[in-house]
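> The sequence isn't on hand, but the structure is:
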């Protein structure tokens, strides 16, 4: 097992290690070890105010403090680095990031490339020419409407020091906006089940221009981008733009590009094809 890699799985915004359970089961059945970590303020470190329970008290929820308030991207980097250092004792590591987790993975690769034998982005942010906020202003994101989720936002992010979303809303329009953005190809029950694994709070720091991919460090790690062809929250056009920018940054080390059908969340609910892709990278 010494030459077998450990897959280190990094979740996206409002998510946690729990969402990787089906994927880890598939990887294990294919003979591969993996570890799904919780970024600081996530998983059992998350805050679930009593006001978030039913019946909800939205006024109280809007003012309740959250443990993720002080978490910065640097804290995420430290958490992932610690896990990689431990995993590296057992052999190669493959760092797999989803969605906003790509910002953390990129920053880790900038700082400690020697800990990573391959980095895999699954419809994940890989900022190269711009930071994440910058990409949101570009034409490739024109069809993504953050305002569709406005009804689920709770409290003032500037006052709370975090972003709080009421994923337990029963408002049909808001639920439909969530489903269309993240899981249009899941059943309603699958979608609501996944929604109930989300936590209400996320930190505000998605990185700065200094956290973009750096050729001298990040750029020397073999890398794979797994495109999600029906992703409506991180559209294929944005995924493809980041791939092109990364390849232009380090043309001698381009992305190995794969494509999976499905939405932003389908690969986590039905992980068979994704597990096969990752397993195929184990010896590369």
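The structure has been received and is ready for your questions. Predicted, not measured: the structure shown is a model, and the values here were computed from it.
> can you give me the strands in the stretch 51-200 of the chain?
Using DSSP state E, counting those that start in this stretch, the strands of the stretch 51-200 of the chain run over 93-99, 118-124, 163-164.
> partner strands of the first one, parallel or antiparallel?
Taking DSSP bridges as the criterion, strand 93-99 forms sheet pairs with strand 6-10 (parallel), strand 118-124 (parallel).
> now those as a markdown table including mean pLDDT and distance to residue 143?
For glycine as for every other residue, the C-beta is placed from the backbone atoms N, C-alpha and C. Output for the strands paired with strand 93-99, formatted as a markdown table (pLDDT from 0 to 100; distance: least, Cβ to Cβ, whole Å):
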| stretch | mean pLDDT | distance to residue 143 |
| --- | --- | --- |
| strand 6-10 | 98 | 26 |
| strand 118-124 | 98 | 15 |
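> so where do the helices sit in this structure?
Along the chain, counting by DSSP state H, helices occupy 21-29, 58-63, 73-88, 101-111, 132-136, 157-160, 172-182, 188-195, 236-249, 266-269, 272-281.
> Show the pLDDT at residue 70.
Note on residue 70: pLDDT of 92.
> So what's the residue count around it?
When neighbours are defined as other Cβ atoms under 10 Å, residue 70 has 13 of them.
> For residue 22, see how far away the residue with the largest distance to the centre of the chain is.
Relative to the C-alpha centroid of the chain, counting by Cα atoms, centre = their mean, residue 55 is the outermost residue, at 30.1 Å. Look at residue 55 and residue 22: by Cβ to Cβ, to the nearest Å, they are 31 Å apart.
> related to what we said a few turns ago, out of the strands of the stretch 51-200 of the chain, which comes closest to residue 212?
strand 118-124 (13.8 Å; Cβ to Cβ).
> how big is the angle separating the closest one from helix 236-249?
Per axes from the mean of the first three to the mean of the last three Cα atoms, to 10 degrees, the angle that strand 118-124 makes with helix 236-249 is 150 degrees.
> now strand 118-124, how far from the chain's geometric center?
9 Å (Cα atoms, centre = their mean, to the nearest Å).
> Which residues does that strand contact?
The contact list for strand 118-124, computed with Cβ atoms under 8 Å, 6 or more residues apart in numbering, reads 5, 12, 92, 94-102, 105, 109, 218, 221-228, 231, 234, 239, 264, 267, 274, 278, 281, 284.
> Narrow those to those that are buried.
By neighbour count, with 16 or more other Cβ atoms under 10 Å, the contacts of strand 118-124 hold 5, 12, 92, 94-102, 105, 109, 218, 221, 223-228, 231, 234, 239, 264, 267, 274, 278, 281 as buried.
> so where's the stretch 51-200 of the chain shaky on pLDDT?
The stretch 51-200 of the chain contains no residues with pLDDT under 70.
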